[in-house]
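need a structure here:
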Amino acid sequence: MRLTIALSLLSLTCLPAAALAQKDAPDAAKQHADKVAEAVAANWASAPVEEVTQSSKGTARVDGKAIPYTQTAGTLTIRDEKGKPVASMFYTAYTATGKSRPVTFFYNGGPGSSSLWLRMGSFAPEHVRTGNPKAVKPAPFDVGPNNDSLIGSTDMVFLDAIGAGYSRPLGDAKPSDFYGVDQDVDAFAKAIIRYVTKNGRWADPKYIFGESYGTTRSGALAYQLEDRGLALNGVVLLSSIMNYGVRQSGFDTIYIGYLPSYAATAWYHNRVPGGRPPSLEAFVEEARAFASGPYATALLKGQDISDTETDQIAQQLSRFTGLSVEYLKRANLRVNLSRFRKELLRDAHETIGRFDSRYTGIDADTAGEEPEYDPSSTGITGLYVGSFLDQVTRQIGYKTDLSYRLSAREGGDFKWDWSHQAPEGGKQNVADVTADLSAAMRTNPHLRLLSLNGYYDMATPFFSTERDLKYMMLEPKLRQNLQFRYYPAGHMVYLNPEALHQMRLDMERYYAEGAR
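Got it, this is the predicted structure:
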């Protein structure tokens, strides 16, 4: 035993000094990893917890009148009920001097989209200039003063949804905390209330303006703001979808809603059998009557429809859609959007756009079932993105290491919760916010609703919007608070300069009526 211990001690004393030093030395690899982690953490691009702003001055000219304004890029910190910061929402604002000026909050849809489309295309003092419905050229971009800016009528605040633009969750907040109908509305309600409070705008008229899914947001947001003590003067809906339930399979309502848009598109591309009628509006009105009358009745019969009635409906449907009678019969009188976009100009080897059916594209496979891309989307993206980032970073001087996301989907982990808790009734599996908007208008009888629609919008067809809003079942004295306007344009009405001009005039009248 003693011999064993002695030998062990002897072996230790005989170990090389280098071996002993290696055993006691710190783990170099771990030290290196820790230093790298510290360096990464120190340079991690993140949204600011403290609110930041960067401003510059400009002058707009609308109808010959010079209007000085301030443009601001900044963030709003959203907090939970305990005051903990949970998100930073990025915005760009355009404000002018004046007493009791309205302030309007703008946002796009997606869901999860940034607001650069409205910011660069609609009513800001400077915007991109587009003309014919064709793909625009790369840089240098055609960007300049907006003669149809609304800066003379309202201050404008463009908000980016959490996860989009420069807006991000903070701390241990998860994307799922904001990716859902009700979660998203809560974030926007808090951000708007924060902006109003921070900038002392409680005594000024307040409006919200949503596009596409932004209109879904607006329906629920109007009620949530009202419920939280912020009474709106008005809600503006551009290219609306209020009820996502109609998109579920098995519902014929979606075909009825699309038919007048199909008719407008066939009219535009001169595909109406027998020749194009002289008036788009009159032709669309005929399509409305057919869609809600004989067509709806025929679809309701399902497989019990007779051969004779099928032939009659197909003949009338052909006149409104420009598609052949035989094709319509093979489709059981139900042509979904993708098929229509592919079929209408198939003989010309062209497809039509989804956001704007005036745009045409060319597929590699002309025999395919559906279009390979949306020419009304791909044709403008570079122009909008490049010009927006140039203005925010160069003109306004906003600095950040974050990348600007067109959509929250770019950040990964994007899964939208489509369920919704309406003001009355049980939880909806798929959101229908007409109940929210109706409740807001009944709670606040002064709330005025303006619906703006493009005839060639195939993403959110105008006839579906009409049906949804008219199903709010408003009392007769409240129905005067609901107005509709229509333009020869698509989903992004402002792509058509003539339509943008008319829309600006309609908006100016809308604000003026609210000031009476």
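
from here on, just use CA atoms for contacts and neighbour counts.
Noted.

give me the below-cutoff pLDDT ranges for the stretch 1-150 of the chain.
Counting by pLDDT under 70, the stretch 1-150 of the chain shows low-confidence ranges at 1-26, 32-44, 132, 134, 136.

repeat that with 90
1-49, 128-144 (pLDDT under 90).

residue closest to the middle of the chain?
Centroid-nearest residue in the chain, with CA atoms, centre = their mean: residue 109, separated by 1.6 Å.

now for it: which residues touch it?
If a contact means CA atoms under 8 Å, 6 or more residues apart in numbering, then residue 109 has 115, 210-215, 217 as its contacts.

buried sites along stretch 259-276?
259-269, 271-273 (16 or more other CA atoms under 10 Å).

any idea how far residue 413 is from residue 176?
For residue 176, the distance to residue 413 equals 8 Å [CA to CA, to the nearest Å].

these two - which one has more neighbours?
residue 176 (15 against 12; other CA atoms under 10 Å).

what secondary structure does that one sit in?
Under DSSP: H, G, I helix; E, B strand; the rest coil, the three-state class of residue 176 is helix.

residues in contact with it?
Residue 176 neighbours (CA under 8 Å, 6+ apart): 414-416.

show me where pLDDT drops low in the stretch 151-300 of the chain?
In the stretch 151-300 of the chain, residues with pLDDT under 90: 245-252.

and the stretch 301-450 of the chain, by the same measure?
365-368, 374-387, 390-391, 393-395, 412-413, 424-426.

quick one: the strands in it?
Counting by DSSP state E, counting those that start in this stretch, one finds strands in the stretch 301-450 of the chain at the ranges 351-352, 360-361, 420-421, 427-428, 448-454.

right, and the helix or strand after the last one?
Note on strand 448-454: by DSSP states H and E, the next helix or strand toward the C-terminus is helix 462-470.

hey, C-alpha coordinates of whichever helix or strand comes after that next one in CSV?
The helix or strand immediately downstream of helix 462-470 is helix 476-479, counting by DSSP H and E. Output of helix 476-479 as CSV, limited to C-alpha atoms (Å, rounded to 0.1, in the frame of the first residue of the first chain):
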residue,chain,number,x,y,z
PRO,A,476,-81.5,54.5,-41.1
LYS,A,477,-80.2,57.6,-39.3
LEU,A,478,-76.7,56.1,-39.1
ARG,A,479,-76.6,55.0,-42.8
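
and whatever helix or strand comes next after helix 476-479, average pLDDT?
For helix 476-479, the following helix or strand on the C-terminal side (DSSP H and E) is strand 482-487. Per-residue pLDDT over strand 482-487 has a mean of 97.

then strand 482-487 to PDB, C-alphas only?
Taking Å, rounded to 0.1, in the frame of the first residue of the first chain, the C-alpha atoms of strand 482-487 are listed here in PDB:
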ATOM      1  CA  LEU A 482     -71.400  55.400 -44.600                       C
ATOM      2  CA  GLN A 483     -70.100  56.600 -48.000                       C
ATOM      3  CA  PHE A 484     -68.600  54.700 -51.000                       C
ATOM      4  CA  ARG A 485     -66.300  56.000 -53.700                       C
ATOM      5  CA  TYR A 486     -64.900  54.200 -56.800                       C
ATOM      6  CA  TYR A 487     -61.900  54.700 -59.100                       C
END
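
partner strands of that strand, parallel or antiparallel?
Here strand 482-487 has these sheet partners by DSSP bridges: strand 448-454 (parallel).

the residue nearest to the centre of the chain should be in a helix, yeah?
No. Checked against three-state DSSP, residue 109 lies outside a helix; its state is coil.

so how far is residue 354 from it?
In terms of CA to CA, residue 109 sits 15 Å off from residue 354.

in the sheet, who's paired with the spatially closest residue to residue 404 that is not a sequence neighbour?
Sequence neighbours aside, residue 165 is the residue nearest to residue 404 in space, at 4.6 Å (criterion: CA to CA, 6 or more residues apart in numbering). For residue 165, the beta-bridge partners are residue 405 (DSSP bridges).

wait, residue 165 sits on residue 409?
No. The pair residue 165 / residue 409 is not scored as a contact, 11.0 Å apart, by CA atoms under 8 Å.

more neighbours: those two, which one.
Using other CA under 10 Å, the more surrounded residue of residue 165 and residue 409 is residue 165, with 24 against 17.

thought residue 432 was touching residue 242?
Yes. Using CA under 8 Å, residue 432 makes contact with residue 242 at a distance of 5.8 Å.

coming back round to it: who's in contact with the residue nearest to residue 404?
So residue 165 contacts 90, 113-115, 403-408 (CA under 8 Å, 6+ apart).

all helices for the stretch 151-300 of the chain, in order.
181-198, 213-227, 253-268, 280-290, 296-300 (DSSP state H, counting those that start in this stretch).
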